[in-house]
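# Next input, structure requested:
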Amino acid sequence: MQDKGNLQKKMQEQIDCFAGTDYLTQLGAVKNEPDKEQAPLKWLALAILYGINENAKKIKIEKNEDGSKRLIAEFRDFDLPSPGDDVVDLIFEDLRQMTHIDADKGKILLSVGVRDSSIELEAKLKREDGKEKIVLKFPEK
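Purely as a prediction, here's the structure:
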């Protein structure tokens, strides 16, 4: 198991690496990422960059009882490209480790550096009745 600092640092490195690229195209390519430890952090980094660039209100990641998954950028209710079910499961694991939210429900501010600036996202995780949800809420402008 990786520690929080290590995961946060690796996600930050992904943000630094992909800042200024075509985020949507890169998000779609994550499903082909051979390194399954890097894939969830890469997807999160790209989703955050995409959300910032597109003035998203929030990004939601949902896992339903039936195993279906949905990734949504909420500014036009736009489905983000899926990195694959196995990577979505790892996104949930990695965010729980980064935020230390082990309970079924919790929220915390997640500070993310972007180039020479930073942004604080409200990260909410919820697990209930066989469903799980992550909401990354961007600050209001």
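
# tell me what the top strand by length along the chain is packed against?
In the chain, taking DSSP state E as the definition, the longest strand is strand 117-128. Under the contact definition 3 or more C-beta pairs under 8 Å, 6 or more residues apart in numbering; DSSP states H and E, strand 117-128 sits against helix 39-53, helix 85-99, strand 105-114, strand 131-137. All C-beta spots, glycine's among them, are computed from the backbone N, C-alpha and C.

# distance between that strand and the chain's centre?
9 Å (C-alpha atoms, centre = their mean, to the nearest Å).

# cool, stretch 72-87 as well?
10 Å.

# Name every strand pairing with the longest strand of the chain and say which way it goes.
Applying DSSP bridges to the sheet, strand 117-128 is found paired with strand 105-114 (antiparallel), strand 131-137 (antiparallel).

# Can you give me the buried ones in stretch 127-137?
127, 132-137 (16 or more other C-beta atoms under 10 Å).

# where in the protein is pLDDT low?
1-5, 76-77 (pLDDT under 70).

# Try it again at 50.
Within the chain, the stretches with pLDDT under 50 are 1-2, 4.

# Give me the most central residue, it.
L44 (3.3 Å; C-alpha atoms, centre = their mean).

# Now for that residue: which residues touch it?
11, 14, 91, 94-95 (C-beta atoms under 8 Å, 6 or more residues apart in numbering).

# how about 7 Å then?
Each residue near L44 by C-beta atoms under 7 Å, 6 or more residues apart in numbering is listed here: 11, 91.

# quick revisit: which one of the helices and strands packed on strand 117-128 lies closest to L7?
helix 85-99 (5.0 Å; C-beta to C-beta).

# for the closest one, packing partners?
helix 4-18, helix 39-53, strand 58-63, strand 117-128, strand 131-137 (3 or more C-beta pairs under 7 Å, 6 or more residues apart in numbering; DSSP states H and E).

# could you redo the last one with a cut-off of 8 Å?
Looks like helix 85-99 contacts helix 4-18, helix 39-53, strand 58-63, strand 69-74, strand 105-114, strand 117-128, strand 131-137 (3+ C-beta pairs under 8 Å, 6+ apart).

# related to what we said a few turns ago, just put the helices and strands packed on strand 117-128 in JSON lines and tack on distance to I61.
Output for the helices and strands packed on strand 117-128, formatted as JSON lines (distance: least, C-beta to C-beta, whole Å):
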{"stretch": "helix 39-53", "distance to I61": "8"}
{"stretch": "helix 85-99", "distance to I61": "6"}
{"stretch": "strand 105-114", "distance to I61": "14"}
{"stretch": "strand 131-137", "distance to I61": "4"}
